[in-house]
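Engineer: please work out how this folds:
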Amino acid sequence: MDKPPPIRCDVASIRATAPVVGLLLAAGHSRRFGSDKLLQPLPGGEPMVVASARRLAAATDRTLVLIRPQQPALRRALAGLTVEVVETPPEADGMGTTLATGIRATPQAAGWVVALGDMPCIAPDTLARVTAALRAGATLAAPYHAGQRGHPVGLAACWRAELAALSGDEGARHLLRTHGAAMVRIAVDDPGCLLDVDTPAALAQLVGGR
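Structural biologist: Numbering: from 1, shown residues only. Okay, here's the model as predicted:
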């Protein structure tokens, strides 16, 4: 099978004043958790989604939190932060659709730092370094801890058309596989970039300080 032609990603055409936008994906159904995990309190009492959103907002010029329709409790939890809450379409069918919603809502972005609502332990410096990599000209960027790629992932605006067309649950994985050679790997000493809280047991470990 012939390989698809490479997509030319030219960051030189992006305005230097364009914002780097944080997209926090928080539209999942928490099926493995059994309840809305994003509202679960962390050791300091802060809801998980608030901790994730606050850190992402501190590292980016503008931050959107993508949620499902009719989530008043999430809206209330996020109300005190400098973030914008954006609802996905009612027919949204997975992470790809959620990400595409954020991309289409921010057409003037220089790039996006994409993080997950259930990863509240990413170090602020890790988030800031991914943002800085985009500003320095990276087309793809991500932190690597102990040899594993973590979150968030930085995506330059030259991928806008491909990202805006996403659907289903794959998210940006296909783009990252196809264009992995362009990835700027940021070595970090940050296990939090690999830690997602999918189950009550994972939350219990986190709350217990493990």
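Engineer: in the helix or strand encompassing Arg177, what counts as buried?
Structural biologist: Per DSSP states H and E: Arg177 is located in helix 173-178. Residues Leu175, Leu176 are the ones in helix 173-178 that count as buried (16 or more other C-beta atoms under 10 Å). For every residue, glycine as well, the C-beta is placed using N, CA and C.
Engineer: what mean pLDDT does that helix get?
Structural biologist: Averaged across helix 173-178, pLDDT comes to 89.
Engineer: next SSE downstream of that helix?
Structural biologist: Next element after helix 173-178 (DSSP H and E): strand 183-187.
Engineer: for that following strand, name the packing helices and strands.
Structural biologist: Strand 183-187 sits against helix 124-135, strand 140-145, with contacts defined as 3 or more C-beta pairs under 8 Å, 6 or more residues apart in numbering; DSSP states H and E.
Engineer: let's see it at 6 Å
Structural biologist: The contact analysis (3 or more C-beta pairs under 6 Å, 6 or more residues apart in numbering; DSSP states H and E) places strand 183-187 against strand 140-145.
Engineer: show the average pLDDT along the strand it packs on.
Structural biologist: Summarised as a single mean, pLDDT over strand 140-145 is 98.
Engineer: what lines up beside the following helix or strand past it in the sheet?
Structural biologist: For strand 140-145, the succeeding helix or strand toward the C-terminus, using DSSP H and E, is strand 148-149. Sheet pairing here is set by DSSP bridges, and for strand 148-149 it gives strand 140-145 (antiparallel).
Engineer: buried ones in stretch 58-70?
Structural biologist: Buried residues in stretch 58-70 (16+ other C-beta under 10 Å): Ala59, Thr60, Asp61, Arg62, Thr63, Leu64, Val65, Leu66, Ile67, Arg68.
Engineer: pLDDT at the nearest residue to the second one once chain neighbours are set aside, what is it?
Structural biologist: Nearest residue to Thr60, sequence neighbours excluded (C-beta to C-beta, 6 or more residues apart in numbering): Gly22, at 3.6 Å. As predicted, Gly22 sits at a pLDDT of 98.
Engineer: in TSV: the buried residues of stretch 58-70, plus secondary structure.
Structural biologist: Output for the buried residues of stretch 58-70, formatted as TSV (DSSP: H, G, I helix; E, B strand; the rest coil):
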residue	secondary structure
Ala59	helix
Thr60	coil
Asp61	coil
Arg62	strand
Thr63	strand
Leu64	strand
Val65	strand
Leu66	strand
Ile67	strand
Arg68	coil
